[in-house]
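# sharing a model prediction with you, sequence too.
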Amino acid sequence: MAFKHLLYVFAFAALWITACAAAENVDIPEGNLTLQAKLYRPAGPGPFPAVVALHDCGGLRPAAMQQLYSEWVKALIADGFVVLFPDSFASRGFGSQCRVRQSKVRASRERVADANAARRWLQTQNFVRGDHISLLGWSSGGIAVLWAVRPNATPRDGADFRSAVALYPGCRRLRQTAWSARVPTLILIGAADDWTLASTCQQMVAGARGRSARAEIVVYPGAHHEFDRADSPLRLRTGLARTADPSGRAHRGTNPAARADALKRAPRWLAR
């Protein structure tokens with residue numbers, strides 16, 4: 001009987017998380033643009049802390065939602081977070097930007113504006129704690145996170161993000177601009193990443209010491225780009241617009257140890 005009861009408890013918990021993880025489509029006004037977004041929220045009235053989640057260069061493709069972002073949504077909801085994914089590309093009529101060299105949706109400009117528009121929208125919702133909204137981003141979305149938390153990017157509306165996590169961002173240009181952060185910021189990246197180099201991000205974080213809010217970096221041994229994908233064998237991608245070298249070639253694939261650590265470490269950081 002005890003075993004059957006345990007199975008019932010696990011089945012109920014799985015159904016609860018699945019039900020909570022159903023996406024709501026929302027429209028967010030941003031100047032002349034209507035920013036399309038997907039909202040995920042825990043059961044109950046809240047108010048809950050929230051996370052603005054910034055997708056990678058591929059956008060919010062169904063495959064990415066299933067293999068990459070869905071586990072993050074489940075983990076964050078289980079920890080009591082509302083999660084909002086603004087779609088920076090589809091909202092402007094664009095598809096994947098991974099092979100576009102001159103993208104019209106820049107991480108340093110348009111995507112920072114999208115992140116702040118999403119934050120302002122969340123702050124108007126009665127189920128969200130307006131004083132606890134953080135940032136999370138992957139790859140080019142991680143780059144946008146790092147631009148958004150710079151001291152000279154402080155929002156003019158008097159509110160701000162609570163903390164930030166960037167997964168495998170490209171740090172070369174940010175390092176050249178003497179990057180620092182105004183809110184606690186965590187970078188998670190693989191030592192074997194040949195798309196965005198861990199060493200560049202390490203140099204950037206080291207250079208920010210003494211003139212930045214708490215900034216930390218975790219480098220996972222043997223992990224490549226998109227190490228947090230679910231069940232994705234290592235494979236080579238070609239024709240990419242921005243890689244560590246001019247070849248346009250880079251690897252991506254699951255690293256189970258890095259993935260497991262990131263899914264625990266990032267929510268703890270965002271909960272602070």
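Cool, the structure landed.
# CA only for contacts and neighbour counts going forward, please
Will do.
# report how many residues lie close to residue 67.
Residue 67 has 15 neighbours, counted by other C-alpha atoms under 10 Å.
# if we ignore the residues flanking it in sequence, what's nearest it?
residue 230 (5.1 Å; C-alpha to C-alpha, 6 or more residues apart in numbering).
# equivalent analysis for residue 45, please.
residue 127 (5.7 Å).
# the one you found and residue 81, how far apart?
10 Å (C-alpha to C-alpha, to the nearest Å).
# joint contacts of the two?
Taking C-alpha atoms under 8 Å, 6 or more residues apart in numbering as the criterion, residue 127 and residue 81 both touch residue 48.
# the two: who's more crowded?
Using other C-alpha under 10 Å as the criterion, residue 127 and residue 81 rank with residue 81 on top: 28 against 18.
# related to what we said a few turns ago, contact partners for the residue nearest to residue 67?
67-68, 254.
# a helix runs through residue 74, doesn't it?
Yes. Assigned with DSSP: H, G, I helix; E, B strand; the rest coil, residue 74 falls within a helix.
# gap between it and residue 23?
Distance from residue 74 to residue 23, counting by C-alpha to C-alpha: 12 Å.
# the more surrounded of these two?
A direct count of neighbours by other C-alpha under 10 Å for residue 74 and residue 23 places residue 74 higher, at 22 against 16.
# so what's that one scoring on pLDDT?
Looking at residue 74, its pLDDT is 95.
# list phi and psi for residue 263.
phi -70, psi -20 (degrees, to the nearest 10).
# tell me which residues touch it, please.
72, 75.
# how about a cut-off of 6 Å?
Residues counted as contacts of residue 263 (C-alpha atoms under 6 Å, 6 or more residues apart in numbering): none.
# quick one, helices of the stretch 151-272 of the chain?
Applying DSSP state H, counting those that start in this stretch to the stretch 151-272 of the chain gives helices spanning 172-176, 198-207, 256-270.
# could I get those in TSV, plus columns for mean pLDDT?
Shown next, in TSV, are the helices of the stretch 151-272 of the chain (pLDDT from 0 to 100):
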stretch	mean pLDDT
helix 172-176	95
helix 198-207	97
helix 256-270	97
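# show me the one of these that comes nearest residue 157.
helix 256-270 (21.7 Å; C-alpha to C-alpha).
# what about the nearest residue to residue 252 once chain neighbours are set aside, how many residues nearby?
Among residues not flanking residue 252 along the chain, residue 225 sits closest, at 4.6 Å (C-alpha to C-alpha, 6+ apart). Using other C-alpha under 10 Å, residue 225 has 27 other residues around it.
# neighbours around residue 100, how many?
13.
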